[in-house]
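K.L.:
the following comprises the amino acid sequence and a computationally predicted model.
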Amino acid sequence: MTPLMTKLICLLALAACALAQSPGTFRVTGTVVNAVTGQPVPQVRVRLSLPQERDSAVVVIATDGGRFQFQGVAPGKYVLAAGKPGFLMEGFNGHENYSTAVAVGPGLNTENLVFRLHAESIISGQITDEQGDPVPEAQVTLFQRILIEGQRTTIQRDLAMTDDRGMYRFGGLPPGTFFLAVSARPWYAQFIPPASTAAASDGQVASESSAGNLTYPVTYYPGASDATGATPIVIAAGERVSADLRLVAVPSVHIRIKVPKINPNQGFSATLTPVGSNGLGLQSPVPAQTSMINSGEIEMSGIAPAQYHLQLVIPGKQPITYEQDINAETNTEIEVSAGNSHADISGVARTSDGSGLPPGAFVVMRKRDSARIALRAEISPTGEFRFDPDNNLTAGKYDIRVVTANQDLIVRSIVASGAQVAGRTVEIAGSGPVRLTVTMTRGLARITGTAVSAEDGKPFPGAMILLVPENPESNAGLVRRDQSDSDGTFTLPSILPGHYTLLAIQNGWDLEWMNPGVLKPYLAKGQSVIIEGNGKYNLQVPAQ
């Protein structure tokens, strides 16, 4: 081959490379690394997509060195996600439901990104009895301590049943704090048919004739029979934790419940939860044997002696729910006739300008001291709504929000009869009827902006952006959050006019920001913003 031909081939190759990168398109490249060790993770599926167009996703497989690249990417903002077996599926720099979008365009650096991926954690173990024998078909409940809307709370994450070896396993777990509760019945337990159990003259249910009538109390890791004795299991990314638990059988008791007549065709639902577990978020129902003796009596058997919270639901056109605490240290007979202990909450939702509501809108009530309780009621075409009385709407403070498909409505004011209102928080005192009038507004303001480093003024990606209204304790529904993107930019939509403080916090994702004491020092350094009408604001805020 002549030198001229060699030169021509090289020029053609350069031209082909130039054509592969079309004018006005860019590259997104980087390396996936283990979030703990920093070592490259090979063969990861990496996905790039537009935020609202998942069908646009392009997937590549990272090399053995963890490298990935996307060619010919048009300007815009993209969601970057990655995952593989043994690792979590995560968004780029993800926290809660937020991640850092990759901003692509002239002058923006989208090369050599570092995607820190967390290896999955596993909790597994064996459930045995007092003799060391495996307990099959035991129900193991996994709870996780997390932050929801700035409040630390405990939620039920998963359920598992033990196999014939008494083994259970929870995989795909993120790093965090977990609890375990186990419910089971001894295989040898002999239950007396409810009809043969006679009531004693003192109102107590007669003693069992079978000494073999034993049961297991709900047991919390590492072996406590009370939720207050539950020990947290703290796991790091990629950690494998073995959590064995031994169950000890105790003599069981019966609870006989006298209720108004129940239509046998409608049925009923009776649930016992150990007292104290609700407040800790470790709600693990007792596996009781429940039956109807006649239309006015229900019997629950195979129960460990303890104090319980009873919830009895009788279905129908207007379902009735009874709740009360029971001291069941011995065989017990109770009568539930005090009526529905849940609040009956209904109301009307309307817009301030009199325009109609979009279809598929809901009123949401989130309990202040238990962020996991978030209940919703659909708004009818006439604006009426009513919360299902089967829901756990007990006494307490609730933040009120309205959720719509396009999120162009926000609660402006609330008027209530039968409850106290402070801002957008409703306090329910008891089981009486509550009527709400929820007024919403359109034409809301919007903030776009950039989080910058307080040291050098450069864009700061991955910061938690927080817009806090006055009196946030009563106006949680007005808080707006985002995570700054790779170019430091963020967007806060649907803002009601008022006085706010804008914050960018570098490491704010583990903050209980709904706690006034936690938020106070950040507010002192925040940027005061007065929002008027449906204005559009562009702001720059230093990251704290």
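P.N.:
That came through, no problem.

K.L.:
hey, where'd the strands end up in the stretch 201-350 of the chain?
P.N.:
With DSSP state E, counting those that start in this stretch, the ranges of strands along the stretch 201-350 of the chain come out as 214-215, 219-220, 233-235, 240-242, 245-246, 250-251, 253-258, 269-274, 289-294, 297-303, 306-314, 320-328, 332-335, 344-351.

K.L.:
so Glu470 touches Gly498, yeah?
P.N.:
Yes - when contacts are counted by Cβ atoms under 8 Å, Glu470 is listed as touching Gly498 (6.7 Å). The C-beta positions use only the backbone N, C-alpha and C, and glycine is treated the same way.

K.L.:
which residues of the stretch 401-544 of the chain fall in helices?
P.N.:
Using DSSP state H, counting those that start in this stretch, the helices of the stretch 401-544 of the chain run over 516-524.

K.L.:
just the strands in the stretch 1-150 of the chain please.
P.N.:
26-34, 45-50, 53-61, 67-73, 76-83, 90-91, 102-104, 113-117, 121-128, 139-148.

K.L.:
okay, now the domains of the protein?
P.N.:
19-117, 121-335, 344-441, 445-543 (automatic domain parsing).

K.L.:
dump those domains into JSON lines; add mean pLDDT as well.
P.N.:
Formatted as JSON lines, the domains of the chain follow (pLDDT from 0 to 100):
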{"stretch": "domain 19-117", "mean pLDDT": "91"}
{"stretch": "domain 121-335", "mean pLDDT": "82"}
{"stretch": "domain 344-441", "mean pLDDT": "83"}
{"stretch": "domain 445-543", "mean pLDDT": "94"}
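
K.L.:
got those domains as TSV, with mean neighbour count columns?
P.N.:
Listed next are those as TSV, based on neighbours: other Cβ atoms under 10 Å:
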stretch	mean neighbour count
domain 19-117	16
domain 121-335	17
domain 344-441	17
domain 445-543	18
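
K.L.:
out of the strands of the stretch 1-150 of the chain, which is closest to Lys536?
P.N.:
strand 76-83 (18.1 Å; Cβ to Cβ).

K.L.:
now the closest one and strand 53-61, what's the angle there?
P.N.:
Calculated by axes from the mean of the first three to the mean of the last three Cα atoms, to 10 degrees, strand 76-83 forms an angle of 50 degrees with strand 53-61.

K.L.:
got the angle between strand 76-83 and strand 26-34?
P.N.:
30 degrees.

K.L.:
direction included, what does strand 76-83 pair against?
P.N.:
Partners of strand 76-83 in the sheet, by DSSP bridges, are strand 45-50 (antiparallel), strand 90-91 (antiparallel), strand 102-104 (antiparallel).

K.L.:
hmm, who's touching that strand?
P.N.:
Applying Cβ atoms under 8 Å, 6 or more residues apart in numbering, the contact partners of strand 76-83 are 28, 32, 44-51, 62, 68, 89-92, 99, 101-105, 113, 115, 117, 485.

K.L.:
follow-up on the earlier one: of all the strands of the stretch 1-150 of the chain, which one is nearest Asp158?
P.N.:
For Asp158, the closest of the strands of the stretch 1-150 of the chain is strand 139-148, at 4.5 Å, according to Cβ to Cβ.

K.L.:
the closest one: what's the following helix or strand?
P.N.:
The element immediately downstream of strand 139-148 (helix or strand, assigned by DSSP states H and E) is strand 151-161.

K.L.:
wait, Ser301 sits on Ser252?
P.N.:
Yes - counting by Cβ under 8 Å, Ser252 is a contact partner of Ser301 at 6.7 Å.

K.L.:
Leu214 contacts Val253, correct?
P.N.:
No - between Leu214 and Val253 there is no contact under Cβ under 8 Å: 11.1 Å.

K.L.:
closest one to Ala328 among the strands paired with strand 76-83?
P.N.:
Closest to Ala328 of the strands paired with strand 76-83 is strand 90-91 (Cβ to Cβ; 45.3 Å).

K.L.:
how far does that closest one sit from the chain's center?
P.N.:
Here strand 90-91 is found 17 Å from its chain centre; the criterion is Cα atoms, centre = their mean, to the nearest Å.

K.L.:
which residues does it contact?
P.N.:
For strand 90-91, contacts defined as Cβ under 8 Å, 6+ apart pick out Val79, Leu80, Ala81, Ala82, Gly83, Tyr98, Ser99, Thr100, Leu117, His118.

K.L.:
just those now: which is nearest Gly517?
P.N.:
Comparing the contacts of strand 90-91 against Gly517 with Cβ to Cβ picks out Tyr98 as the nearest, at 23.9 Å.

K.L.:
who touches that closest one in this structure?
P.N.:
Neighbour list for Tyr98: Gly91, Met464, Arg481, Asp482, Gln483 [criterion: Cβ under 8 Å, 6+ apart].

K.L.:
excluding sequence neighbours, find me the nearest residue to the second one.
P.N.:
Translated: Met464. Spatially, and ignoring its direct neighbours in sequence, Met464 is nearest to Gly508 (3.7 Å; Cβ to Cβ, 6 or more residues apart in numbering).

K.L.:
okay, the one you found and Asn294: tell me how far apart.
P.N.:
59 Å (Cβ to Cβ, to the nearest Å).

K.L.:
also Glu53?
P.N.:
Distance, Glu53 to Asn294, by Cβ to Cβ: 60 Å.

K.L.:
need the contact list for the residue nearest to His118 when sequence neighbours are not counted.
P.N.:
In this structure, His118 finds its nearest non-sequential neighbour in Ala237, 4.2 Å apart by Cβ to Cβ, 6+ apart. Ala237 makes contacts with Ala35, Val36, His118, Ala119, Ser121, Pro174, Pro175, as judged by Cβ under 8 Å, 6+ apart.

K.L.:
ok, now how distant is Ala237 from Phe70?
P.N.:
With Cβ to Cβ as the criterion, Ala237 and Phe70 are 26 Å apart.

K.L.:
ditto for Arg185
P.N.:
Counting by Cβ to Cβ, the gap from Arg185 to Phe70 is 55 Å.

K.L.:
ok, now Gln144?
P.N.:
34 Å.

K.L.:
now Ala181
P.N.:
Remark: distance between Ala181 and Phe70 (Cβ to Cβ) = 45 Å.

K.L.:
same question for Ile233.
P.N.:
Using Cβ to Cβ, we find Ile233 at a distance of 39 Å from Phe70.

K.L.:
what of Gln540?
P.N.:
In this view, Gln540 and Phe70 are 30 Å apart by Cβ to Cβ.

K.L.:
which ones are touching the closest residue to Thr228 other than its chain neighbours?
P.N.:
Distances taken as Cβ to Cβ, 6+ apart place Gly276 nearest to Thr228, at 5.9 Å, with adjacent residues excluded. Shown in contact with Gly276 (Cβ under 8 Å, 6+ apart): Asp226, Ala227, Thr228, Gln307.

K.L.:
what sits opposite Val140 in the beta ladder?
P.N.:
Bridge pairing for Val140 - DSSP bridges - gives Ala160, Val182.

K.L.:
isn't it right up against Ile127?
P.N.:
Yes - the criterion here is Cβ under 8 Å, and Val140 meets it with Ile127 at 6.9 Å.

K.L.:
any common contacting residues for those two?
P.N.:
Between them, Val140 and Ile127 share these contacting residues under Cβ under 8 Å, 6+ apart: Thr162, Tyr168, Val182.

K.L.:
redo those as CSV? Include distance to Gln151.
P.N.:
Output for those, formatted as CSV (distance: Cβ to Cβ, whole Å):
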residue, distance to Gln151
Thr162, 33
Tyr168, 29
Val182, 27
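
K.L.:
just give me the closest of these to Asn109.
P.N.:
Using Cβ to Cβ, Tyr168 comes nearest to Asn109 of the shared contacts of Val140 and Ile127, at 46.4 Å.

K.L.:
ok, residues contacting the helix or strand where that closest one lies?
P.N.:
Following DSSP H and E, one finds Tyr168 within strand 167-173. By Cβ under 8 Å, 6+ apart, the residues outside strand 167-173 that reach it are 88, 120-127, 134, 138, 140, 142, 157-158, 160-162, 235.

K.L.:
pull up the pairing partners for it, direction included.
P.N.:
Here strand 167-173 is paired, per DSSP bridges, with strand 121-128 (antiparallel).
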